[in-house]
Each structure stands twice: as C-alpha cells, then as structure tokens.
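*Asks:* just to be clear, the model below is a prediction. Sequence and coordinates:
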Amino acid sequence: MDHFTETTTTSYSSNIGNSLKGILFGFFLIILSIVLFWYNENRSVKQATALKEMQSNIITLPDTKYKPEYNNKPILIQGEVKPVSTVTDSTFGIISDGLVLQRDVTMYQWKEHKSSHSEDNVGGSTVTITTYDYKKGWHSHSQNSSSFKHPEGHSNPTMLYSNKLFTTDANIGDFHIPRDIVQRFNISSSYNGLDKMPENIGNSKNYKSFLYIGDNPNNPNIGDTRITYRYTPAGVYSLATKAQNRGLVDYTTSNGMEFTFIREGKVSADKIFKDEFEENSLITWILRFVGFLVMFIGFKLIMEPLSTLANVIPMFGSLVGMASSLVAFILTLLLGSIVLAFSWFASRPMMSLIIIGGAVLISMLFSKSNRRETNQNHNTISSPPPARENISSTIPPSTPPPREDRDSSTPPPRRRDSSVPPPRR
C-alpha cells in the first residue's frame with residue numbers, strides 16, 4: 001500500500017501550551033530577522049563598494065600577452081582558454097578534452113510525500129488529517145527510507161555513486177588559470193563522448209547518451225542508476241580578475257572582497273559589472289523580503305495565543321487570527337523599516353532618515369486614528385441628550401402676548417393660509 005492517512009486530535013489545553021511555546025520561537029525569529037537585515041544591508045553596500053573599486057581600476061588588455069605593468073592589477077582578458085591536460089572520471093574511464101567534466105547521478109527510489117490539513121472544533125480542540133504518499137521516481141540524492149513514516153515495502157538501497165566534478169588547469173595566452181578558478185566556469189554542454197566508448201563500462205551499460213546500472217531503462221526497478229555527463233568546452237572566454245606575474249588570481253578589494261568574473265565569449269567590462277550590480281541588487285531585495293517574512297511570522301507566533309484562546313468558537317478564533325495578522329503586518333512594516341534605516345545610516349544617511357520619518361509618520365497616523373475612534377465612541381456613550389427647547393424662546397419678539405381677558409374657551413381666530421388663494425368674487 002502506497003497511500004496512508006492518519007487522524008490525530010489535539011486538545012484545547014495542548015493547543016494553548018503549544019501557542020505559548022511559540023512565543024519564545026517568535027522572539028527568536030524577530031531577532032533572527034534583525035540580524036538578517038543588518039547582514040544583508042552590510043553585504044550589499046560592501047559588495048557594491050568593492051565592485052565600484054574594481055570597475056574603476058580595471059584594465060582591458062588588448063591581447064593575451066603578458067607585460068610587467070599588468071602585475072598585481074585588475075585586468076579584463078579575452079581570448080582562447082585551453083586546458084593543460086585532459087579531464088578524466090577514472091571510475092568509468094570517461095575522458096574529456098574540455099575544461100570541466102560533471103558527473104550527474106540519479107537513482108530510481110521511493111520518495112515520501114507528506115501533506116496535512118487541520119480543522120478546528122467547538123471547544124478549542126483541533127483535528128489534523130495527515131496523508132503519506134509513496135511514489136517511485138528518479139532522484140539525485142539518496143532518499144533515507146528508514147526515516148519514512150511507513151518504511152515497510154518502501155526500502156531504498158544505498159546509492160553506489162554520487163555527483164562529482166572533475167577539472168584541470170588551463171591557459172589563456174601567456175597567462176595561467178589555476179584549477180580553483182577553472183572549476184567556476186559555467187557547465188553548459190552535454191557530453192557526447194559516450195558514443196565512441198564500448199557497450200559495457202565497468203558495471204554499467206553504455207546507451208551512448210548515458211550509462212545505466214540495471215536491467216531495462218524503459219522499465220526501471222528500485223535501485224537502478226542512471227549516469228550522465230556535462231562539460232565545459234574550451235573556447236573564447238572573458239575573465240575579469242587580477243594578474244599576478246603570469247598567473248591569474250582573485251582580485252582583492254580594499255574592503256576584503258575577492259572577485260573573478262567569467263563570461264563565455266568576448267564581453268566588455270561595462271557589461272560584466274552592470275550584470276554584477278544588478279545581481280547584487282536582486283539578492284539584496286530577495287533577502288529583504290525574507291527578512292520581512294521571518295519578522296512577520298515571529299510577530300504572528302507571539303500573538304498566536306490570542307487566537308488560540310478565542311478558538312473555543314472557531315469563528316471567533318478566525319476573526320482574532322485575522323486581526324492579529326493585520327497587527328503583525330503593521331508591526332513588521334514599522335520595525336523592519338526602522339531596522340533597515342539604521343543599518344543604512346553609515347552609508348546612506350539621507351535615505352535612512354527618510355525611512356525613519358516615514359515609519360514614525362505611519363505609527364503616528366495609526367495611533368491618531370485609533371485615538372479618534374476611541375474618543376468618538378466615548379462621546380457617543382457619555383454625552384447627555386439635548387435639552388428641550390423653551391417654547392417661549394421660539395416666539396418672535398414682534399408677536400404681542402396673548403390677551404389675558406380673552407375667554408379661554410373662545411378659540412383664537414383662524415389665520416388664513418397664505419398658500420390658499422382668496423375666493424373668487
């Protein structure tokens with residue numbers, strides 16, 4: 001059986017206890033988000049400063065010939081990159097004349113897929129339904145079947161081989177490229193050397209585009225292994241790096257950053273640094289989003305006991321949960337913006353002051369809105385009803401007082417309605 005369902009019930013008191021434990025984890029997440037904000041902003045400014053320094057000092061070489069004046073300076077060199085020796089995977093005897101050879105291994109295995117959903121009951125308890133599905137597929141990492149919820153009948157063998165990278169030193173004109181830089185070249189091509197190799201290689205069978213350990217690749221069994229190769233061909237590349245005598249090494253900026261940028265083909269220094277600035281900006285915004293998300297989850301966990309207490313009636317719990325989410329969102333915007341502003345203060349003082357001012361303004365508006373609403377509610381409850389008007393005060397001054405000697409039983413004369421026309425004669 002490859003499909004299992006389990007139902008568990010958590011009592012109201014257990015839910016309260018778990019939510020109280022979550023408060024500590026919530027504070028931890030908020031502290032973690034603050035650290036992430038500081039690290040990210042510092043990293044972003046440091047990276048941008050280092051990129052500007054290297055860009056302003058880099059020398060684009062007219063060719064690949066060595067000259068003493070290039071020594072210990074950042075250079076952009078463009079030309080044919082050639083490997084010093086062949087690249088070999090000795091396990092299977094695979095030989096490549098490229099710069100880098102990548103072995104990719106996948107094994108046919110069981111994988112556990114877990115999903116769950118919860119339902120709140122009147123009284124505060126929670127029913128959780130968890131489903132475990134087991135499916136066969138090709139995976140590049142070993143799936144530890146001993147940790148499965150239901151390992152019976154879903155056992156995976158140990159992977160015999162793993163992914164591995166093979167490389168060599170290379171030259172570009174008069175300059176030597178060490179192996180640690182060569183292995184950073186982009187692996188862009190499929191290896192096609194298997195079609196020239198024998199049908200059986202070690203304990204695998206050669207299918208010309210991949211090696212296979214097992215009986216039939218069209219009908220795989222658990223434990224069957226598939227091996228493919230990719231490589232980086234020799235060719236024309238552009239390297240923004242540092243010349244050290246006749247060797248190329250990482251360029252170290254004054255703030256300690258180390259750079260070597262590699263592009264396929266001939267690419268200008270302006271294009272390389274433009275791409276790097278954009279990538280730095282993208283990473284910065286991604287980490288900012290992660291920081292805000294972690295902080296929001298932290299505030300939400302801190303306020304979780306409120307919705308858990310109200311969850312005696314699920315509808316009330318949902319309403320309190322929505323309100324706490326809104327408060328957590330506002331607190332995240334305020335605190336996150338302030339932390340960002342202070343982390344920018346050293347390098348971007350004006351921007352940080354603007355952000356701090358905006359955060360304070362939002363806080364004041366939010367507080368003022370709540371205070372106005374409270375005062376309106378208080379006035380509605382405590383203000384006395386309006387006093388009845390004095391009838392005598394409504395009598396115009398020009399109207400004479402009624403005569404006291406008039407018989408009170410005699411009705412006053414009827415006043416003609418000005419809107420009714422006089423009778424026709």
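*Replies:* Ah, there it is.

*Asks:* excluding sequence neighbours, find me the nearest residue to the residue nearest the centre of the chain.
*Replies:* In the chain, the residue lying closest to the centroid (C-alpha atoms, centre = their mean) is V290, at 4.4 Å. Closest residue to V290 apart from its sequence neighbours, by C-beta to C-beta, 6 or more residues apart in numbering: L36 at 6.7 Å. C-beta here means a position set from N, CA and C on the backbone, and glycine is covered the same way.

*Asks:* list the contacts for that neighbour?
*Replies:* For L36, the contact set (C-beta atoms under 8 Å, 6 or more residues apart in numbering) comprises 287, 290-291, 294.

*Asks:* same check on M257?
*Replies:* With contacts defined as C-beta under 8 Å, 6+ apart, M257 is in contact with 46-47, 50.

*Asks:* all strands for the stretch 251-400 of the chain, in order.
*Replies:* Taking DSSP state E, counting those that start in this stretch as the test, the strands found in the stretch 251-400 of the chain are 251-252, 258-259, 261-264.

*Asks:* so what strands line up beside the longest strand belonging to the chain?
*Replies:* Longest strand of the chain, by residue count under DSSP state E: strand 100-120. With DSSP bridges as the test, strand 100-120 is paired with strand 126-139 (antiparallel), strand 164-167 (antiparallel), strand 225-232 (antiparallel).

*Asks:* okay, these in a markdown table with mean pLDDT, mean neighbour count and distance to G173 next?
*Replies:* Supplementary listing: the strands paired with strand 100-120 in a markdown table, determined by pLDDT from 0 to 100; neighbours: other C-beta atoms under 10 Å; distance: least, C-beta to C-beta, whole Å:
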| stretch | mean pLDDT | mean neighbour count | distance to G173 |
| --- | --- | --- | --- |
| strand 126-139 | 94 | 14 | 43 |
| strand 164-167 | 96 | 16 | 20 |
| strand 225-232 | 96 | 21 | 19 |
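
*Asks:* would you turn the ones you listed into CSV with distance to F175?
*Replies:* Shown next, in CSV, are the strands paired with strand 100-120 (distance: least, C-beta to C-beta, whole Å):
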stretch, distance to F175
strand 126-139, 41
strand 164-167, 17
strand 225-232, 18
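
*Asks:* a helix runs through K149, doesn't it?
*Replies:* No. Using DSSP: H, G, I helix; E, B strand; the rest coil, the assignment for K149 is coil, not a helix.

*Asks:* contacts only, for it.
*Replies:* 4, 112, 114, 132.

*Asks:* show me the helices in this protein, by range?
*Replies:* 12-57, 179-182, 269-302, 304-310, 314-344, 349-382 (DSSP state H).

*Asks:* want to try JSON lines for those helices, with distance to N206 and mean pLDDT as columns?
*Replies:* Shown next, in JSON lines, are the helices of the chain (distance: least, C-beta to C-beta, whole Å; pLDDT from 0 to 100):
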{"stretch": "helix 12-57", "distance to N206": "46", "mean pLDDT": "92"}
{"stretch": "helix 179-182", "distance to N206": "28", "mean pLDDT": "96"}
{"stretch": "helix 269-302", "distance to N206": "40", "mean pLDDT": "96"}
{"stretch": "helix 304-310", "distance to N206": "58", "mean pLDDT": "83"}
{"stretch": "helix 314-344", "distance to N206": "56", "mean pLDDT": "86"}
{"stretch": "helix 349-382", "distance to N206": "60", "mean pLDDT": "63"}
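
*Asks:* out of these, which comes closest to T228?
*Replies:* For T228, the closest of the helices of the chain is helix 179-182, at 21.3 Å, according to C-beta to C-beta.

*Asks:* buried ones in that closest one?
*Replies:* 181-182 (16 or more other C-beta atoms under 10 Å).

*Asks:* then it to CSV, C-alphas only?
*Replies:* Provided in CSV are the C-alpha atoms of helix 179-182 (Å, rounded to 0.1, in the frame of the first residue of the first chain):
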residue,chain,number,x,y,z
ARG,A,179,42.2,24.8,-11.2
ASP,A,180,40.2,26.6,-8.5
ILE,A,181,39.2,29.3,-11.0
VAL,A,182,38.7,26.9,-13.9
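
*Asks:* name the residues that touch that helix?
*Replies:* 83, 99-100, 167-170, 239, 241, 248-250, 260, 262.

*Asks:* can you do 7 Å?
*Replies:* Contact partners of helix 179-182, identified using C-beta atoms under 7 Å, 6 or more residues apart in numbering, comprise 99-100, 167-170, 248, 260.

*Asks:* for the contacts of L36, work out which two are farthest apart.
*Replies:* Among these, L287 and V294 lie farthest apart (C-beta to C-beta), at 10.3 Å.

*Asks:* between these two, which is the more surrounded one?
*Replies:* V294 (21 against 17; other C-beta atoms under 10 Å).
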